[in-house]
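Q: The following comprises the amino acid sequence and a computationally predicted model.
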Amino acid sequence: MDNTEPAFRLPIINIAPYLDAQHPNIAEREAVSKALHSACVKYGFFYLDISQYLDLTEPEELTRLAREFFALPQDEKDKISLKHQDGARGYQRLKENVTNGKADNHEGIDLYKPVENPDKSKPLWGENQWPTLPDFQSKYERWIDKMKKLGMVLMEAMAYGLGLNAEEWGELRAQVDDSFWVMRIVGYPPLPDDHDGFSCGAHKDYGCLTFLYADPTRSALQVFLRRRGHVAAPVDGLPDEHGGEQGIWINADPIPGCIVCNIGEMWEIWTNGLYKSTLHRVVHRGTNYRIPFFFEPNFIANVKPLIPTTHLAEGATTPEKVYEPVVYGNFLLKKVGTNFATEDEGRYD
């Protein structure tokens, strides 16, 4: 089936009604929450219009700084290598990151929420390593603050879309109000035709919400949508990465004024499977930079199905399964160990 069919286009949702705390328009907020609920049930992905939230020249400046860093000599970039910290925070070389057992064709810098009493001998518990380029750290820290605030705004809108009342939203809020956030600054060279892998292989995100500021390169981010009766054809001659599941791969191309947002596995648990974290991958044929920000639960959050989520998937009479509670930090630590190219070290992907 033609992937451009409207039914298979990700929706665009404008978060603006939730940005005015002084004069909220209840009807507009309800429409946003309803749209978010529908997008999470049907796709697990959507575009978030943030044109009224920030100056769109700001992420362009972050991209310029990323380009400047990745153009440095290799020995300069290696000064902030992961090996100097906890194996998670810092720079990784081209093909150092691994997904599904294969090297990914990208390089990057990973940053995490700062922790008290850092100890680089403990996984995830080191200190962030910043390039020494002028204004790099200060400008990226401003972006982090804005993405953290956006995460809380979106969580509230989604909570009401799910049908939570004010008290239940307060309980959920307490699980994300000290978000153990992660940010990646990713550089993509063109994917070679003979590369045995991807720019970033197919995966689902671990946590809560992913905000992706995407470069202008089209057909790079590919999202797998489960659809009965549809068999995904190979994309660009690439191998099957969806395990034979019925569905299609669609392109989530950048839209001006928007970021791409998707939900992680914690939303699956909170909703007992009503919302599903969606498989996606990167097949980058250009030379450009992307800045994903991961808004995550608190490290010590006990994530479990929410009280009102006795909702069932469409057509179901009983839940497929009951999701067991997890402590987010423990869940994350178990995940990071398989995402790095050297032994005994792990990374958030």
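A: Arrived safely, thanks for sending. Computed from a predicted model, the values in this text were never measured in an experiment.

Q: Name the nearest residue to Ile80, ignoring sequence neighbours.
A: Excluding the flanking residues, the one nearest Ile80 by CB to CB, 6 or more residues apart in numbering is Gln129, at 3.8 Å. All C-beta atoms are positioned from the backbone trio N, CA, C, and that covers glycine.

Q: What number of residues are in the vicinity of the residue nearest to Gln52 when sequence neighbours are not counted?
A: Nearest residue to Gln52, sequence neighbours excluded (CB to CB, 6+ apart): Ala16, at 4.5 Å. Using other CB atoms under 10 Å, Ala16 has 15 other residues around it.

Q: Repeat that for the one 5 residues further on.
A: With neighbours defined by other CB under 10 Å, the count for Ala21 comes to 7.

Q: Arg93 versus that one, what's the distance?
A: Separation of Ala21 from Arg93 (CB to CB, to the nearest Å): 44 Å.

Q: what's the answer for Glu28, then?
A: 47 Å.

Q: Show the end-to-end separation of stretch 259-272, please.
A: 26 Å (CA to CA, to the nearest Å).

Q: okay, Thr57: pLDDT?
A: The model reports Thr57 with a pLDDT of 92.

Q: no no, Val303
A: Reported pLDDT for Val303: 96.

Q: how far away is it from Lys139?
A: From Val303 to Lys139 the distance is 32 Å (CB to CB).

Q: Next: Ile248.
A: Distance from Ile248 to Lys139, by CB to CB: 38 Å.

Q: Not counting sequence-adjacent ones, nearest residue to Lys34?
A: Computed as CB to CB, 6+ apart, the closest residue to Lys34 that is not its neighbour in sequence is Gly161, at 6.0 Å.

Q: how about that neighbour, secondary structure?
A: Following DSSP: H, G, I helix; E, B strand; the rest coil, we place Gly161 in the helix state.

Q: contacting residues for it?
A: Val32, Ser33, Lys34, Ala35, Leu36, His37, Cys40 (CB atoms under 8 Å, 6 or more residues apart in numbering).

Q: Nearest residue to the middle of this structure?
A: Thr210 (2.6 Å; CA atoms, centre = their mean).

Q: more crowded one of Val303 and Lys139?
A: Neighbours were tallied for Val303 and for Lys139 using other CB under 10 Å; the higher tally belongs to Val303 (25 against 16).

Q: So what pairs up with that one in the strands?
A: Val303 forms beta bridges with Val326, as assigned by DSSP bridges.
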